[in-house]
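Participant: model this:
(chains A, B and C)
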Amino acid sequence: MRYLVEQSGSKVIVHGIKDFNLKETLECGQCFRWNEEDDGSYTGVAFDRVINVKLDGDILTIDNTTLADFNDIWYDYFDLGRDYGKIKETLSQDEILKAAIKYGEGIRILRQDTWETLISFIISQNNRIPQIKKVIENLSRLLGHPIVYKDKTYYTFPKVQDFIMADVELLNKSKCGFRSKYIIDAALKVFNDEVNLFELQLYDTYDVRNMLMSIRGVGPKVADCVMLYSIGRYEAFPTDVWIKRVVEFLYLKRKTNNSDVQSFAKEKFGDLSGFAQQYLFNYAKDHVSKDVFKERKN
DNA sequence: CGCCAGGGCTAGC
DNA sequence: GCTAGCCATGGC
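Facilitator: Coordinates of the predicted model:
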């Protein structure tokens, strides 16, 4: 991927962007701290920074940043080094994915901070996206650090130490509900180095998954999300109720279980499973009913 | 009021 | 091994 990159004041402008749609990428449920502005741009907090991103044709404008931060952080965050055209071409050999990709051609998989992703997806269990966003926002306001951008105050996502210092009572103010004990266990295990988030890259995916799942409240689905959205394990295929419905309804044409869905993905999509999952999840939300297999009574 | 939510834990087979 | 019931909270 070759881009022409220039700096203009507080903005970094990138020419030559392809396969990128902000709404599809930032509102598909992989991240929770981006909000759309009136002009269609998005403002969000990531890696202790607040930026605003706008996409006009093939021109991506990132405001409130520097060339150094673009190279060190945002290039990888938005996965700009990857050829999504090639991935989509490969996956489109499958007719169902072809349709799903057509429905979300501009989806990219972000590379987010591992700690934030871990806590975010612990919060995601048995919860809805708007509520997940609220809880993460509450946690950031309670424990993070303020940053002012265009007269508005934003808050960084709290560090491990910030959670260690907090008691259950404070965490409960975030409305995280029964997940507070999970968040505390995650903070303790990471703080005590029982789980080293910076060394996950050293292990193979099977081991990383089990290491993450040693944290209470982290099961297969949450572990897969952390691996896919923060450490680039694209063979992961996070299997939630929607993905299960897609595989049952569109592929296998029968009821199944999560274990079989995992095997199916590994065989069908291999190293591209994570990308396939994104396209399918996005498609399923709007095209697959939640009671596709509910048998009619009477 | 009851139901459910990008799941996971626990108890009971 | 497998699965039903439970979990805080809020929206419908």
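Participant: what helix or strand does the nearest residue to A:Met1 once chain neighbours are set aside sit in?
Facilitator: Closest residue in space to A:Met1, ignoring its immediate chain neighbours: A:Gly81 at 5.7 Å, by CB to CB, 6 or more residues apart in numbering. Every residue, glycine included, has its C-beta placed from N, CA and C. Using DSSP states H and E, A:Gly81 maps to neither a helix nor a strand.
Participant: counting residues per strand, which one in chain A is longest?
Facilitator: strand A:49-56 (DSSP state E).
Participant: Tell me the strands beside that strand, with direction?
Facilitator: strand A:42-46 (antiparallel), strand A:59-63 (antiparallel) (DSSP bridges).
Participant: In CSV, please show the C-alpha coordinates belonging to stretch A:118-138.
Facilitator: C-alpha atoms of stretch A:118-138 as CSV (Å, rounded to 0.1, in the frame of the first residue of the first chain):
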residue,chain,number,x,y,z
LEU,A,118,-9.8,-7.0,27.0
ILE,A,119,-11.9,-4.9,29.4
SER,A,120,-14.2,-3.7,26.6
PHE,A,121,-15.1,-7.2,25.6
ILE,A,122,-15.5,-8.4,29.2
ILE,A,123,-18.1,-5.7,29.5
SER,A,124,-19.7,-6.8,26.2
GLN,A,125,-20.9,-10.1,27.5
ASN,A,126,-24.7,-10.3,27.8
ASN,A,127,-24.9,-6.6,26.9
ARG,A,128,-25.8,-4.4,24.0
ILE,A,129,-23.5,-2.1,22.1
PRO,A,130,-25.0,1.3,23.3
GLN,A,131,-24.8,0.1,26.9
ILE,A,132,-21.2,-1.2,26.4
LYS,A,133,-20.3,2.3,25.1
LYS,A,134,-21.9,3.9,28.1
VAL,A,135,-20.1,1.7,30.6
ILE,A,136,-16.7,2.3,28.9
GLU,A,137,-17.3,6.0,28.9
ASN,A,138,-18.2,5.9,32.6
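Participant: what's next to that stretch, contact-wise?
Facilitator: A:29, A:31-33, A:139, A:155, A:157, A:163, A:173-176, A:179, A:182-183, A:186, A:197, A:212, A:215, A:217-219, A:221-222, A:225-226, A:229-230 (CB atoms under 8 Å, 6 or more residues apart in numbering).
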